[in-house]
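[1] No letters, just coordinates:
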């Protein structure tokens, strides 16, 4: 089982949703970098469950514990290890699923591959793992202090922020929104739809847009380690992600070359940025832009026909504590993984 992300900067994670704790080890972290642990904790706080009525009611304090690699607020160059205690597991919620494969989950494929699985909250397949990724990305952001990553919810359930309404949103505009949607009129429509769907026991998906400022030219390689490929791998590793596009994305397929090519002005700057800040797999110092699509949460209380281990079928609804829409909580995950990938690429300059 692969549990490692990165090339020069490598994150190895461990733990299960209902185990005693989850954590990670970062190898390749440079020595002598001042670490603001409160900044790291603030990232973790933004991801943790139980923040509002539209997230899972599972309560986890998610206080990061640094086990090694930092001394007197500076990185030592040794493996940087950390962990989070799991404080609010309710494993009995999953007793009915011990011998059942939930639709839309990794239950059946995990069982097929390994011949055994931890049915409590999905075990290693759970989004609880993303606590590790957020911590690692927050730590990695200290390697690239001149880079600013800003993600926000653009769409939920087909309700979308009007095109051109948001450029580079203010941090507070995103974080003061319960849905992390920095467009009040759109957010209100999203909230109404979410409440309707929540009452029926169903769920919704959506889209997160991410924009990055201050990226130097030269990050990424032109063949198998293209910068957009590394970002895409990280994004597509997030639970429930079904799509990734950067720059003009799929819209580029509908344009002619004369329409899509980015031209330069008299000062040598790009007039447009349809390439999304990356050309030939290498950053060009323009803003990086990309979008990430999330499917509706698979764990819903609507009764569904489920496959059993014995091969038969049974109708059950998934009990437990689940988000009706995972997209708002995924914003800091997108940001953190972006920081980690950019820091990894930066170390290759």
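    Nice, I can see it. Computed from a prediction, not measured in an experiment: that's the story for all the values here.
[2] how close does residue 294 sit to residue 103?
    Distance of residue 294 to residue 103, computed by C-beta to C-beta, to the nearest Å: 17 Å. Where C-beta positions appear, they are placed from N, C-alpha and C, glycine not excepted.
[3] Which neighbours in the sheet does the helix or strand hosting residue 14 have, and how are they oriented?
    Taking DSSP states H and E as the definition, residue 14 sits inside strand 10-15. The pairing partners recorded for strand 10-15 under DSSP bridges are strand 4-5 (antiparallel), strand 21-27 (antiparallel).
[4] okay, those strands, which one's buried deepest?
    strand 21-27 (a mean of 21; mean count of other C-beta atoms under 10 Å).
[5] for the next helix or strand after that strand, what is the average pLDDT?
    The C-terminal neighbour of strand 21-27 among helices and strands, as given by DSSP H and E, is helix 37-47. The predicted model assigns helix 37-47 a mean pLDDT of 96.
[6] buried residues in the following helix or strand past helix 37-47?
    On the C-terminal side of helix 37-47, the nearest following helix or strand under DSSP H and E is strand 65-68. By neighbour count, and taking 16 or more other C-beta atoms under 10 Å as the criterion, the buried residues in strand 65-68 are residue 66.
[7] residues making contact with strand 65-68?
    Strand 65-68 is touched from outside by 23, 37, 78-85, with contacts defined as C-beta atoms under 8 Å, 6 or more residues apart in numbering.
[8] can you pull out the strands in the stretch 201-349 of the chain?
    Using DSSP state E, counting those that start in this stretch, the strands of the stretch 201-349 of the chain run over residues 206-213, 241-246, 278-279, 282-283, 288-294, 304-308, 313-316.
[9] pLDDT averaged over the first one - what is it?
    In other words, strand 206-213. Here strand 206-213 scores 98 as its mean pLDDT.
[10] Pull up the pairing partners for that strand, direction included.
    Strand 206-213 is paired, per DSSP bridges, with strand 148-156 (antiparallel), strand 288-294 (antiparallel).
[11] Now do the helix or strand just after the first one: distance to the chain's middle.
    Sequence order places strand 159-160 as the next helix or strand after strand 148-156, per DSSP H and E. If you compare the mean C-alpha spot of strand 159-160 with that of the full chain, they lie 20 Å apart, counting by C-alpha atoms, centre = their mean, to the nearest Å.
[12] Partner strands of strand 159-160, with direction?
    On the basis of DSSP bridges, the sheet neighbours of strand 159-160 come out as strand 148-156 (antiparallel).
[13] same question for the partner strand, mean pLDDT?
    Along strand 148-156, the predicted local confidence has a mean pLDDT of 98.
[14] residues in contact with it?
    Residues outside strand 148-156 that contact it (C-beta under 8 Å, 6+ apart) are 141, 160-161, 166, 168-169, 171, 174, 177, 179-182, 190, 193-194, 204-214, 291, 325, 327-328, 331-332, 334-335, 338-339, 342.
[15] Reformat the strands paired with strand 10-15 as CSV; add mean pLDDT and distance to residue 154.
    Compiled in CSV, these are given as follows (pLDDT from 0 to 100; distance: least, C-beta to C-beta, whole Å):
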stretch, mean pLDDT, distance to residue 154
strand 4-5, 97, 25
strand 21-27, 97, 29
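[16] returning to that earlier point: taking the contacts of strand 65-68 one by one, which sit in strands?
    Among these, the subset assigned to strands under DSSP state E consists of 23, 80-85.
[17] Looking at those, which two lie furthest apart in space?
    In these, two members sit farther apart than any others by C-beta to C-beta. They are 80 and 85, at 18.4 Å.
[18] so where's the stretch 101-250 of the chain shaky on pLDDT?
    Low-confidence segments of the stretch 101-250 of the chain, defined by pLDDT under 70, are located at 121, 123.
[19] To residue 251, which of the strands paired with strand 206-213 lies closest?
    With C-beta to C-beta as the measure, strand 288-294 is the member of the strands paired with strand 206-213 nearest residue 251 (10.4 Å).
[20] What mean pLDDT does the closest one get?
    So the average pLDDT for strand 288-294 ends up being 98.
[21] chain center to that strand, what's the gap?
    Average the C-alpha atoms of strand 288-294, do the same for its chain, and the two points are 10 Å apart (C-alpha atoms, centre = their mean).
[22] Over to stretch 324-338?
    How far stretch 324-338 lies from its chain's middle: 4 Å, per C-alpha atoms, centre = their mean.
[23] now do stretch 243-259
    For stretch 243-259, the gap between its own C-alpha mean and the chain's C-alpha mean amounts to 23 Å (C-alpha atoms, centre = their mean).
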